[in-house]
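1. Predicted model follows, preceded by the sequence.
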Amino acid sequence: MQFTAEHNQLRETVKRFVTEEINPHVKEWEAAETFPAHEVFKKMGNLGLLGVKYDPAYGGMGLDFSYQMVVNEELGMIDCGGVPMAIGVQTDMCTPALHRFGSEELKREYLAPAIAGDMVGSIAVSETGGGSDVAALKTSARVEGDDYVINGSKMWITNATQADWCCLLANTSEGPVHSNKSLIIVPMDAKGITTQKIKKIGMNASDTAQVFFDNVRVPRRNLIGTEGTGFMMQMIQFQEERLCAASGALKSLDKLIDLTIDYCKERHTFGQPLINNQVIHFRLAELRTEVELLRSLTYRAVDEYVQGKDVTRLASMAKLKTGRLYREVSDACLQYWGGMGFTYDNPISQAFRDSRLISIGGGADEIMLGIICKFEGTLPKKAR
């Protein structure tokens, strides 16, 4: 991965925004279990940070995904996981399919305001009975005249209580589960939509809710692409979500190790700094090596994605490794902080709580392993 002056300039812009506009408020937002998404997104929209990879015709910068990766890396320096996740939903989860497959009318009505920060979006795929098993979802959208009538519910929806619209995956026919689904843009103020906020063990600053659809009517023109192609489009959309998760973890993981090194230098036990213990400085060296390996994998995946290659295998590997490594790093570092690591406001315990979601959301570890096994040809025939 070769970074240009433009990459570095963008990196500095995001870094400054995080330092001045986000981190000073994180403790307050964590305590409130929400953050002012419209306010934050509008500031980001004014800086062009919500449409880096999107067409300038809709307010984007028209740059390739490597620039989005740089944005995600710097957002990893936010002092919590919830806010960068909410931003990632806007940039890498609910808008890619709309930008790639949506009609001109839909892009003008929903994508352009999302890029400007005038609208907050969400992605409505998971359900209580079908999280990572996307094919098993039950929410339906039946045709009635010029409308879709939507019934069902979605679970664990990020940004749901503040969103202006959601990118909904629903069954639009009774056909095979991989070809009966469609992506539909649904305004969140439509009659028949209710939300119920969910209390979580981490990612507190990001509001997460269950969303209920009771005979919700939306125009059929809100369909993204063509009917029956929703599963395929969502699988494509997942690739950017997984690359977002991996790139967003890199600097955050480095920060955890840096903080732990500093703490172990300052903390003395039995007459010497903790860092002098070989078991500690060797372990931190191992963890740093693992982060560098993840960085190389992620950069390679992004580089190939920019070239237009299918990165399903690499993106799945990066997502799998990110979740597992984040758990490993946060747990190991917490141990070296001792009792301080077990306090709620400690940055390591914050990461310990927030990072657990990475191995679940956007496709659980087991789903990533299944995808990788398909590429390796090691799955039993019935499971392919």
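-> Good, I have the coordinates.

2. Extract the residue ranges of the protein that are flagged as low pLDDT.
-> Applying pLDDT under 70 to the chain flags the ranges 130-131, 382-384.

3. repeat that with 80
-> Filtered on pLDDT under 80, the chain yields the residue ranges 129-132, 381-384.

4. I'd assumed Pro273 was in contact with Glu266.
-> Yes: using C-beta atoms under 8 Å, Glu266 is in contact with Pro273, at 7.3 Å. Where you see a C-beta, it was placed from the backbone N, CA and C, and this is true even at glycine.

5. Give me the more crowded residue out of those two.
-> Pro273 (14 against 10; other C-beta atoms under 10 Å).

6. Just list whatever residues bridge to that one.
-> Under DSSP bridges, the beta-bridge partners of Pro273 are His268.

7. cool, Gln196 as well?
-> Beta-bridge partners recorded for Gln196 (DSSP bridges): Gln210.

8. Verify the stated contact: it with Thr161.
-> No: Gln196 is not in contact with Thr161 according to C-beta under 8 Å; the separation is 9.2 Å.

9. quick one: the strand or helix carrying Arg16 to chain centroid distance?
-> Using DSSP states H and E, Arg16 falls within helix 5-17. The chain centroid and the centroid of helix 5-17 are separated by 20 Å under C-alpha atoms, centre = their mean, to the nearest Å.

10. Can we start the residue count at 28 from this point?
-> Taking 28 as the first residue, the last one we looked at is helix 32-44.

11. Name the residues of it that are buried.
-> 34, 37-38, 40-41, 44 (16 or more other C-beta atoms under 10 Å).

12. what's the answer for stretch 185-202, then?
-> The neighbour-count check on stretch 185-202 (16+ other C-beta under 10 Å) flags 185-199 as buried.

13. Using CSV, write out every CA atom in it.
-> Provided in CSV are the C-alpha atoms of stretch 185-202 (Å, rounded to 0.1, in the frame of the first residue of the first chain):
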residue,chain,number,x,y,z
THR,A,185,-27.1,0.5,15.0
ASN,A,186,-28.2,4.2,14.7
ALA,A,187,-31.9,3.0,14.7
THR,A,188,-33.3,5.5,17.2
GLN,A,189,-31.7,8.5,15.3
ALA,A,190,-31.8,7.2,11.7
ASP,A,191,-33.7,9.0,9.0
TRP,A,192,-33.8,5.9,6.9
CYS,A,193,-32.7,2.3,6.8
CYS,A,194,-31.4,0.0,4.1
LEU,A,195,-33.7,-2.9,4.7
LEU,A,196,-33.2,-6.5,3.5
ALA,A,197,-36.6,-8.2,3.3
ASN,A,198,-38.2,-11.2,1.5
THR,A,199,-40.1,-9.9,-1.5
SER,A,200,-41.2,-13.4,-2.8
GLU,A,201,-41.6,-17.0,-1.8
GLY,A,202,-38.8,-18.2,-3.9
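
14. pretty sure Val245 is touching Ile212, no?
-> Yes: with contact defined as C-beta under 8 Å, Val245 counts as touching Ile212 (7.5 Å).

15. who has more neighbours, those two?
-> Ile212 (24 against 20).

16. mind checking how far the more buried one is from Ser279?
-> Relative to Ser279, Ile212 is positioned 31 Å away (C-beta to C-beta, to the nearest Å).

17. Ala59 now?
-> The gap separating Ala59 from Ser279 is 22 Å, by C-beta to C-beta.

18. Quick one: end-to-end length of stretch 74-87, please.
-> This stretch, stretch 74-87, spans 11 Å end to end (C-alpha to C-alpha, to the nearest Å).

19. chain center to that stretch: distance?
-> Centroid displacement of stretch 74-87 relative to its chain, using C-alpha atoms, centre = their mean, is 18 Å.

20. Name the helix or strand for Arg127, please.
-> helix 123-128.

21. immediately after that helix, which helix or strand?
-> Downstream of helix 123-128, the next assigned helix or strand under DSSP H and E is helix 131-133.

22. Identify each buried residue in whichever helix or strand comes after that next one, please.
-> Scanning forward in sequence from helix 131-133 by DSSP H and E, the next helix or strand is helix 139-143. Neighbour-count burial for helix 139-143, counted by 16+ other C-beta under 10 Å, picks out 139-143.

23. packing partners for helix 139-143?
-> Helix 139-143 sits against helix 64-73, with contacts defined as 3 or more C-beta pairs under 8 Å, 6 or more residues apart in numbering; DSSP states H and E.

24. please redo it, this time with the cut-off set to 10 Å
-> helix 64-73, helix 123-128 (3 or more C-beta pairs under 10 Å, 6 or more residues apart in numbering; DSSP states H and E).

25. I'd like to know which of these lies nearest to Ala163.
-> helix 123-128 (20.0 Å; C-beta to C-beta).

26. Remind me what that closest one packs against, helices and strands.
-> Helix 123-128 sits against helix 139-143, strand 148-151, strand 192-198, strand 208-214, strand 250-251, helix 257-293, with contacts defined as 3+ C-beta pairs under 10 Å, 6+ apart.

27. In a markdown table, list these along with distance to Val238.
-> Converted to a markdown table, these look like this (distance: least, C-beta to C-beta, whole Å):
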| stretch | distance to Val238 |
| --- | --- |
| helix 139-143 | 18 |
| strand 148-151 | 6 |
| strand 192-198 | 7 |
| strand 208-214 | 9 |
| strand 250-251 | 18 |
| helix 257-293 | 17 |
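
28. Comparing these, which stretch has the densest surroundings?
-> For the helices and strands packed on helix 123-128, the largest average neighbour count (mean count of other C-beta atoms under 10 Å) is found in strand 148-151, namely a mean of 29.

29. Many thanks, we can stop here.
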